[in-house]
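1. Here's my sequence, what's the structure:
(6 chains)
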Protein chains: 6
Amino acid sequence: MSVMENLSHRAKVLIEALPYIRRYHGKTMVIKYGGSAMESEDLKRAVISDIVLLHYVGIRPIVVHGGGAEISQMMSQLGMKAEFVNGLRVTDTETMRVTEMVLGQIGKEIVNLIHQQGGRAVGLSGKDGRLLIARKMETDSGVDLGWVGDIETVNPEILKVLESHDFIPVISSVGVGQDGQTYNLNADHAAGKVAAATQACKLIMLTDVRGVYRNIKDEASLISVLTARDARTMIDRGEAAQGMIPKLQACLDALAGGVERAHIIDGRLPHAVLMEIFTDEGIGTMVLND
Amino acid sequence: MSVMENLSHRAKVLIEALPYIRRYHGKTMVIKYGGSAMESEDLKRAVISDIVLLHYVGIRPIVVHGGGAEISQMMSQLGMKAEFVNGLRVTDTETMRVTEMVLGQIGKEIVNLIHQQGGRAVGLSGKDGRLLIARKMETDSGVDLGWVGDIETVNPEILKVLESHDFIPVISSVGVGQDGQTYNLNADHAAGKVAAATQACKLIMLTDVRGVYRNIKDEASLISVLTARDARTMIDRGEAAQGMIPKLQACLDALAGGVERAHIIDGRLPHAVLMEIFTDEGIGTMVLND
Amino acid sequence: MSVMENLSHRAKVLIEALPYIRRYHGKTMVIKYGGSAMESEDLKRAVISDIVLLHYVGIRPIVVHGGGAEISQMMSQLGMKAEFVNGLRVTDTETMRVTEMVLGQIGKEIVNLIHQQGGRAVGLSGKDGRLLIARKMETDSGVDLGWVGDIETVNPEILKVLESHDFIPVISSVGVGQDGQTYNLNADHAAGKVAAATQACKLIMLTDVRGVYRNIKDEASLISVLTARDARTMIDRGEAAQGMIPKLQACLDALAGGVERAHIIDGRLPHAVLMEIFTDEGIGTMVLND
Amino acid sequence: MSVMENLSHRAKVLIEALPYIRRYHGKTMVIKYGGSAMESEDLKRAVISDIVLLHYVGIRPIVVHGGGAEISQMMSQLGMKAEFVNGLRVTDTETMRVTEMVLGQIGKEIVNLIHQQGGRAVGLSGKDGRLLIARKMETDSGVDLGWVGDIETVNPEILKVLESHDFIPVISSVGVGQDGQTYNLNADHAAGKVAAATQACKLIMLTDVRGVYRNIKDEASLISVLTARDARTMIDRGEAAQGMIPKLQACLDALAGGVERAHIIDGRLPHAVLMEIFTDEGIGTMVLND
Amino acid sequence: MSVMENLSHRAKVLIEALPYIRRYHGKTMVIKYGGSAMESEDLKRAVISDIVLLHYVGIRPIVVHGGGAEISQMMSQLGMKAEFVNGLRVTDTETMRVTEMVLGQIGKEIVNLIHQQGGRAVGLSGKDGRLLIARKMETDSGVDLGWVGDIETVNPEILKVLESHDFIPVISSVGVGQDGQTYNLNADHAAGKVAAATQACKLIMLTDVRGVYRNIKDEASLISVLTARDARTMIDRGEAAQGMIPKLQACLDALAGGVERAHIIDGRLPHAVLMEIFTDEGIGTMVLND
Amino acid sequence: MSVMENLSHRAKVLIEALPYIRRYHGKTMVIKYGGSAMESEDLKRAVISDIVLLHYVGIRPIVVHGGGAEISQMMSQLGMKAEFVNGLRVTDTETMRVTEMVLGQIGKEIVNLIHQQGGRAVGLSGKDGRLLIARKMETDSGVDLGWVGDIETVNPEILKVLESHDFIPVISSVGVGQDGQTYNLNADHAAGKVAAATQACKLIMLTDVRGVYRNIKDEASLISVLTARDARTMIDRGEAAQGMIPKLQACLDALAGGVERAHIIDGRLPHAVLMEIFTDEGIGTMVLND
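-> Predicted structure coming up:
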């Protein structure tokens, strides 16, 4: 392409984004950030730039992040042993403290990256403004997971205050009980609940797979569109991959709370968020009400 | 390109626009709209979509338009004869009335197109909110041009009211005297003055050439960057094309009033506005203070 | 009268206006401006001063104007032939364009006069802020009237924005379709719909007769008060003058939409608007709900 | 006059008031209310209706009132003896208390009348919001007048709060010292200081004479326009009537504080306030800066 | 106690107030001020400092005061005879005027004291902003009490305006009829109605006894908590002291209007208001819904 | 004391706090929280209740905290060796990460405690909203301390946003460079700079000594009032204890930036903050401008 053709082409691509910008203008989107997209420096930069772009074109992003790998690594440095039951980390008081420390630090790093790209952000945990009120999770098996929590209430006021002053909220999945007890929350779960509480138009979950597969072992069996009913059936029948269950559950929580669309997309693709939002094709699996 | 490559490419182009969106966020840009860009249906749609995109990404566009060709055509339909002195239309009372009618109708058409593309707009003349206060132009030669006016004051309040409620102002180059007399204004002149009065960050003038040429007859002699001093020299020495003089003068008015950059660009290119704003290379001629 | 008697008398007249000023304080009134009141320079000045006075004493006037005579005159200048069916102008594309141009220019002239008298105004058509959304009128007879439109929706937001910043809206009776098509609207019809959409306390229609007559040919048979039911009956039974039908229909639209009182008054009287509003007797015909 | 002529005439009178309404729109006027205008029921009603009209046409009236006659009457009922030195009431503690009681009751009566005419009002003394901070007046003669005070500071905040919520402030001329001592203020003096502190456009003083006379004994020697310098000269040379001195002094205080015009008018004329404000001729004596 | 022990002790007392400050933060409390608390200078200062403290810790006090003793005293000075029927003052026009004067003066004195302690206040009667609309009281016995009134409506707008600008309203128990007639109101009655109209969290009535006694003659039979039902029974059965009946009735009015708690406390104790509000024990009698 | 005496006494103590509450109403106070006051559970609760009380009585507290002991402990758990030069922790990248984690967790715990006591808070680091922009500290000795930073700029906007919505900001002493580098800040230093940037009326530093001693080894030589000049002299002459130097320096920074008073007080006393603020005697050492 000549220089002029290149400029012209770029202008056309921008214009093709206009209908999407218009549609989502002024609306909230919750982005669950985790997995590979949080590990590679390049992917990190790409995700953050996507988030900052959303902000600048008038969409209101909220970031919810996990950090399981970093927690395990720090525990190992401290000579502690990570134990999991059904994918949930058994959380004693010391584990809880390490979890809170590590997640807090990851949150501030995301905040920092957002500022580096020209946005403004504040890192929150569920304790700030009592954002995420939790209670001890009860398991079917009766196994005691320690300070693993379920979200009881989301108090979105601090999110609204920050958004209305152009700060992007970055949320660590740490909750607090009515009595002040700290709880370890699943970040997917937190993202779904936050999306519902903020009446987000979309919940976007970054994962390390292409989306939901019909056949767990076959990438080619990617499901583009999944109804809430089918998602529930997949969970009930055990047809979903182990790691996909909390993500599907979070999508269902969000949809039940009034979110229009939930997306499980491939965080290994640079700019996966924009690819999903600003095109008709989209990527990954979209979950929507029946 | 595969579908995924295409999506990825488009996301990258969007991200490349981020630094520009950030830089101009919340700032006003005045776009002088005229010439070919106002005649072809395709170009019209392209210009309007550019303007609507600017609005949605947080930039505040103000449109100033002319309509010389349409005025002449209507005058001819009415059996009136158009007469020009130094490129200025001699304007008797009847010509003034036709001018006001034709420009008003063009303005409302632009408003309509903005709405068709998802924006919101209001068509103004200099009479609305006494936006453009004018007085009779005095010519060096002493020739009486009738109701051709010079702008004395711009009252930007109505522009601020509309912008703060997300309406794009579309301004016809018709002025009004302190005594209520209607004046025919040069649209380039009006655009320059409006840019200065609104403390715009940019004035962008759509023309039917590639920009300012060093050698009037040679497109290849396009000047990319021109200082205010050199622009003034070109006017004084008669080195600028006849049609380019009011445009350069408008750029100088804008710069003198505090506008950072003025651009004379090729309105025949679809999305010329975006090509200028969202790239480092830009297009056409940029005029800036020394 | 001595000077002091004269001053005293004038003060008393002002005081007699107090109950009316109080009653209508902060309320919207829609004034349909047309006919003779728009032709004589003296009457024009008088109507405009009435409107500006309303604004200054805390009432919120909205002006809706027509301009049939001027349109016909311009068409004739252009060698076009005006054709009417049941009082409605058959409107092909060229007629539509002339209509829009002429009405726009009339609107800006009214705006100018309001400013001359110390008020502030903005001239709007139904395209600005998509104020008047219309669709093609369907006639009982099946005759195709071209781009004559019926109002589908009024979007009063732009009116509220202007009013809240002390600009008087001046509206041309031009509508726009969902698809961007321009429509020729009857100004009486537009005034009635605007009054309903803005929850005006009054709709005041300036005409060239004293009001509604019991006997079309007898000025002395003026009806002072007419219920909506009786007005409907007059229309249905063909007892109303041809030109009065759209006015009565507009009154009924306004009343059905919640307007308290609609008035058909004689625009040939200087200050007819004030005579109606600021006295108990009022003038012309008042239409009110049963 | 026929009914129609009468309506037309009244409309014309209203329109003649427009230039004055426009000029004073949004501005504050301080009205010193006292004398006959406070005694006759008819005059009271007339003055109050003038004040309410000012409010409704967008002018912001503030009323300052005295009540010397009523105070003396109450003192006499209580068997107390009123004593005056140079027109100032010698004020011991008991006199102060009676003064405060009587003035407060008069203020509430004015408030009541304003409500009866459709306005809204709140009665204040200088204690409310520490509106009028005073100190003991020192007399040239060294005579001790007791709790007669001079105004040190006006704190207009409570006035602004009331005005911005459409309540007309009605002020009794009672002041308070920094230490809480109650002071008896001259109402003319208070009106002049309040006018200055609120940057009123006019101070209007209702008296029982036609205005300032050149020759104290000759009503026909009314001075229509008096410069501040000449007013000062009249006071210094003893050419002004005894009762006129505090009024002239209040006018001078107001003018010195930035008030544009001060008027001493005849409160015995019904609607004297409107006669002054809404006509070019005006009535009484206007005092203005040189 | 050593200095440090003393400081430490005082800090602890402050901290013990925190739960109460938190609970009542931003809420309105109506304080009926009268009796001994209004007579002794020391008690006055104490009550006022309590009120100012409430204001500064974020509670919104409204003061309603009576002044029966002062009225009787002034009437006696004027040679008028006070007459009572069932504890209500028979009020002819002259008595009404004296009542209004005396109460107004008391109100301004309270305002003054509030300012002396660093608060801000405005003294109101029921005429200001038509705060207390009353009508002639009808007695069961048919005895004509003259201008004794019952409250028909409370218009709390002026209270909200003052509160939102940090002025404490001080209300005299004088009402006004729809026709402008002045009415003498029982201050307890006014306090109860104002508490209901402002949705106060508490009504606190200062009296000259310890509270409600089970046995009228026995101070030791103080009732700490009384249900609305029991209060009504006490009134009906004549078990309450004569002077306590209007107070109990005011409590019932307040509770019926949505006030949470009403308190009858001993105004002879310095800082009785704080003793009630900032401790769990409280003092006096608390009346609450069943 | 009897119950009533006790209540009465408590009310008096509250009233004695009124002058202080009034004086500091609406003003910001920065509290440097650290040392013993952060270690004992009882002292923690006491400090936090003081802070919540300040908030409820209309003062705006900002908390800045350190956490040196916890950092060292965590480093030791991780097998890392803490190294200090002149009291500053040599900070390599891994130490920086541990510091950020530990401080973040401490901040969220403080937030949690504030909520437990009925306040609302948000935990911030210098990265949130780019609150604390830092650069690498240059030492006189040329020793490289790693990522130890000096504060270049404080951006208080996020503090204002939180305060205006009734959230108490809790700040960790972590800074960020223009390039995104994380810096370890001295918490005293951060507190001083934040106090200056927010125009606090007071900076209060909780320490583990009684204040500044004239003779380092003699508690009895406590200096109650210290001028800025004398504080500077003490630092320069080496008369201050090693640990006191950064605290004195922070006081000087605050005073130089316009803070009225800086206090170094004994955090080992429960409610030391209230003891300082709400009494005339105060505690510890007050530093003030000469």
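
2. Quick check, the residue in the stretch 101-250 of chain A closest to chain B?
-> residue A:118 (4.5 Å; Cβ to the nearest Cβ). The C-beta positions use only the backbone N, C-alpha and C, and glycine is treated the same way.

3. Contacts only, for that residue.
-> A:52, A:56, B:18-19, B:22 (Cβ atoms under 8 Å, 6 or more residues apart in numbering or on different chains).

4. Among those, name the buried ones.
-> A:52, A:56, B:18, B:22 (16 or more other Cβ atoms under 10 Å in any protein chain shown).

5. nearest to residue D:4, of those?
-> residue A:56 (64.5 Å; Cβ to Cβ).

6. mind checking the SS state of the closest residue to that closest one other than its chain neighbours?
-> With Cβ to Cβ, 6 or more residues apart in numbering or on different chains as the criterion, residue A:56 has its nearest non-adjacent residue at 4.7 Å, and that residue is residue B:21. State at residue B:21, reduced to three classes by DSSP: H, G, I helix; E, B strand; the rest coil: helix.

7. picking up where we left off before, is it correct that the residue of the stretch 101-250 of chain A closest to chain B falls within a helix?
-> No: residue state for residue A:118 (three-state DSSP) corresponds to coil; a helix is not indicated.

8. picking that back up, tabulate the buried ones among the contacts of residue A:118 (JSON lines), appending pLDDT and distance to residue F:266.
-> Below are these laid out as JSON lines (pLDDT from 0 to 100; distance: Cβ to Cβ, whole Å):
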{"residue": "A:52", "pLDDT": "97", "distance to residue F:266": "46"}
{"residue": "A:56", "pLDDT": "96", "distance to residue F:266": "50"}
{"residue": "B:18", "pLDDT": "94", "distance to residue F:266": "52"}
{"residue": "B:22", "pLDDT": "96", "distance to residue F:266": "49"}
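
9. Looking at those, spot the one nearest residue A:107.
-> residue A:52 (16.2 Å).

10. ok, that closest one to chain B distance?
-> Distance from residue A:52 to chain B, counting by Cβ to the nearest Cβ, to the nearest Å: 7 Å.

11. mind listing the helices for the stretch 1-150 of chain A?
-> A:3-24, A:41-56, A:68-77, A:93-116 (DSSP state H, counting those that start in this stretch).

12. Tell me which of the ones you listed lies nearest to residue C:252.
-> helix A:3-24 (38.5 Å).

13. Contacts made by the closest one with the rest, please.
-> So helix A:3-24 is in contact with A:1, A:57-59, A:201-202, A:277-279, B:9-10, B:13-14, B:16-17, B:46, B:49-50, B:52-53, B:56-57, B:117-118, B:269-271, B:274-275, B:278-279, B:281, B:283, going by Cβ under 8 Å, 6+ apart.

14. Ramachandran coordinates for the residue of the stretch 101-250 of chain A found nearest chain C?
-> Of the residues in the stretch 101-250 of chain A, the one nearest chain C is residue A:164, at a distance of 21.2 Å by Cβ to the nearest Cβ. Main-chain dihedrals, residue A:164, degrees, to the nearest 10: phi -70, psi -10.

15. pLDDT at it, what is it?
-> Looking at residue A:164, its pLDDT stands at 96.

16. what's the spacing between it and residue A:157?
-> The gap separating residue A:164 from residue A:157 is 11 Å, by Cβ to Cβ, to the nearest Å.

17. Between the two, point out the one with more neighbours.
-> residue A:157 (15 against 11; other Cβ atoms under 10 Å in any protein chain shown).

18. who touches residue A:162 in this structure?
-> A:122, A:168-169, F:161.

19. rerun at 7 Å
-> A:122, A:169 (Cβ atoms under 7 Å, 6 or more residues apart in numbering or on different chains).

20. ok, now residue A:52?
-> Taking Cβ under 7 Å, 6+ apart as the test, what residue A:52 contacts is A:114, A:117-119, B:18.

21. hmm, 8 Å instead?
-> Counting by Cβ under 8 Å, 6+ apart, residue A:52 has contacts A:114, A:117-119, A:168, B:18, B:22.

22. Equivalent analysis for residue A:117, please.
-> Taking Cβ under 8 Å, 6+ apart as the test, what residue A:117 contacts is A:45, A:48-49, A:52, B:18.

23. For chain D, see how far away it is.
-> 44 Å.

24. circling back to that earlier point, and of the contacts of residue A:118, the nearest to chain F?
-> residue A:52 (13.9 Å).

25. out of everything not next to it in sequence, what's closest to the closest one?
-> In space, residue A:52 is closest to residue A:119, 4.0 Å off (Cβ to Cβ, 6+ apart).

26. so the one you found touches residue A:169, yeah?
-> No: with contacts counted by Cβ atoms under 8 Å, residue A:119 stays clear of residue A:169, the gap being 11.5 Å.

27. Comparing the two, which residue is more hemmed in?
-> Neighbours per residue, other Cβ under 10 Å: of residue A:119 and residue A:169, the larger number sits with residue A:169, 27 against 23.

28. wait, isn't that one in contact with residue A:163?
-> Yes: contact criterion Cβ under 8 Å: residue A:169 and residue A:163 qualify, at 7.1 Å.

29. Where does residue A:203 sit: helix, strand or coil?
-> Looking at residue A:203 with three-state DSSP, the answer is strand.
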